[in-house]
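Enquirer: Provided below are the primary sequence and the corresponding predicted coordinates.
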Amino acid sequence: MTILTGRIWLVILLINITIAKAQKNYKLDTLSSGTSALIIGLDALDENNLWASGTNATILFSSNAGNTWETFHFEQADSLQFRAIKAISSNEALVMSAGEGPASQIFKFSKISGWKSLYIMPHSEGFLDAIEILPNGLGIAYGDAIDEQPFILMSDENLENWGRVETSVTASKGEGGFASSGSNITINKKGDIWIGTGAGGSANVLYSKNKGKDWQKFISPMIKGEAAGITSIRQGDDLLFITGGDLAKSDVYTDNLFISSDNGKSWLPLNQPITKGAFYGSAISNIDNTNIYLVCGPNGADFLASEKGKWIQFSQLNLWTAEFINKSTAILAGREGKMIKIEFLD
């Protein structure tokens, strides 16, 4: 074998390794959620204990990685749409309903003691979009702007008392978010916070490096419009990932997949996905130093293994929300209680 031939074979081998890495093998399972509600919120306490939430004031809990689910309803107001949920423990969860004015509420739900109301939107034009819990136990919620500032709420360490945060950051008229997956907010282990906004011609990232005390605003390249912007923002080991689109355009490709390595100041686009239309939910993990991106929406779900790879469509179900329960396994859920599990294999 000549040196030239040897080099050619080395290049071919490296290409094949890269392709194999980008075409990550996976296994799909269909799960039974036990509900026909639209599932919008999803959060994992750990790989076994999972919470989910949705329409008709529905909450779900699984203690076996999503294989079976308990169902709970808020009977006093069964029309509420629980569009975000965050695990407190295997017995308690923080729950957010979305809607205009008092339809936007925050509850603490306990399997032992039931429901506790923590916040009711006092503004008729207000609309909550997402909630999160910081590592120090503080809660944060984000909603549509009612004035010239972003509508950000924060709680005490018991998640009991909620109040609005005053910021020097401005909000555009109509700027808010999309309560479509409960993932408009992402937080890292240090307590840095990122919020993805949309609607009203805006698609910004709000960033706080001191647990919500001060905020910066960065303009993203996400498609913008009256019903467009960022629907989901996720924080990986060393980057931010945003997705979204124009909710009024269900059958076209738009610029709706970007990553940032500088907290949202600048962005790079990812390759075009397979599924058309807007994505509502996303999730990110890192397996063997390869970032795995998941996106899902009304037209289906895709994944990408490595930033330079090609997207693979793995479902055509109407799926709104996604969550990794461990590094290699994620659950996705959506319309009519549909729920699937994807496991990435070695």
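Expert: Looks like it arrived, so ask away.
Enquirer: What ranges in this structure fall below the confidence cut-off?
Expert: 1-23 (pLDDT under 70).
Enquirer: can you give me the helices in it?
Expert: Along the chain, the segments classed as helices by DSSP state H run 3-22.
Enquirer: Of all residues in it, which one is nearest the centre?
Expert: Nearest to the geometric centre of the chain sits S183, at 2.8 Å (CA atoms, centre = their mean).
Enquirer: Disregarding residues adjacent in the polypeptide, which is nearest to that residue?
Expert: Once flanking residues are discounted, S183 sits nearest to S232: 4.3 Å by CB to CB, 6 or more residues apart in numbering. Every residue, glycine included, has its C-beta placed from N, CA and C.
Enquirer: Could you do T197 as well?
Expert: Closest to T197 by CB to CB, 6+ apart is N204, at 4.7 Å.
Enquirer: roughly how far apart are that neighbour and W215?
Expert: According to CB to CB, to the nearest Å, N204 stands 11 Å off from W215.
Enquirer: which one of these two has more residues nearby?
Expert: Taking neighbours as other CB atoms under 10 Å, N204 and W215 compare with N204 leading, 24 against 20.
Enquirer: That one contacts S220, correct?
Expert: Yes - using CB atoms under 8 Å, N204 is in contact with S220, at 6.3 Å.
Enquirer: Quick check: neighbours shared by these two?
Expert: 196, 230 (CB atoms under 8 Å, 6 or more residues apart in numbering).
Enquirer: Kindly check the end-to-end length of stretch 28-36 for me.
Expert: 21 Å (CA to CA, to the nearest Å).
Enquirer: Give me the contacts around it.
Expert: With CB under 8 Å, 6+ apart, stretch 28-36 has contacts from 39, 52, 54, 58, 60, 66-69, 71, 314-315, 331, 333, 336-343.
Enquirer: Buried by neighbour count, from those residues: which ones?
Expert: 39, 52, 54, 58, 60, 66, 69, 314-315, 331, 333, 337-342 (16 or more other CB atoms under 10 Å).
Enquirer: And stretch 238-256, end to end?
Expert: End-to-end distance (CA to CA), stretch 238-256: 20 Å.
Enquirer: roughly how far is it from the heart of the chain?
Expert: How far stretch 238-256 lies from its chain's middle: 13 Å, per CA atoms, centre = their mean, to the nearest Å.
Enquirer: Could you measure from E47 over to N67?
Expert: Taking CB to CB, one finds E47 at 12 Å from N67.
Enquirer: again but with A227, I slipped
Expert: 36 Å.
Enquirer: Would you check that A98 makes contact with I85?
Expert: No - contact status for A98 versus I85: not in contact, 11.7 Å apart, counting by CB under 8 Å.
Enquirer: Give me the common contacts of those two.
Expert: Joint contacts of A98 and I85 (CB under 8 Å, 6+ apart) do not exist.
Enquirer: how about the strands of the stretch 51-200 of the chain, start to end?
Expert: 58-62, 70-73, 81-87, 92-98, 105-110, 114-120, 128-133, 139-143, 151-155, 162-164, 185-187, 193-196 (DSSP state E, counting those that start in this stretch).
Enquirer: For I292, find the nearest of those.
Expert: Proximity to I292, assessed across the strands of the stretch 51-200 of the chain by CB to CB, is greatest for strand 185-187 (16.1 Å).
Enquirer: neighbouring strands for the closest one, and are they parallel or not?
Expert: strand 193-196 (antiparallel) (DSSP bridges).
Enquirer: Distance from the partner strand to the middle of the chain?
Expert: With CA atoms, centre = their mean as the basis, the mean position of strand 193-196 lies at 11 Å from the chain mean.
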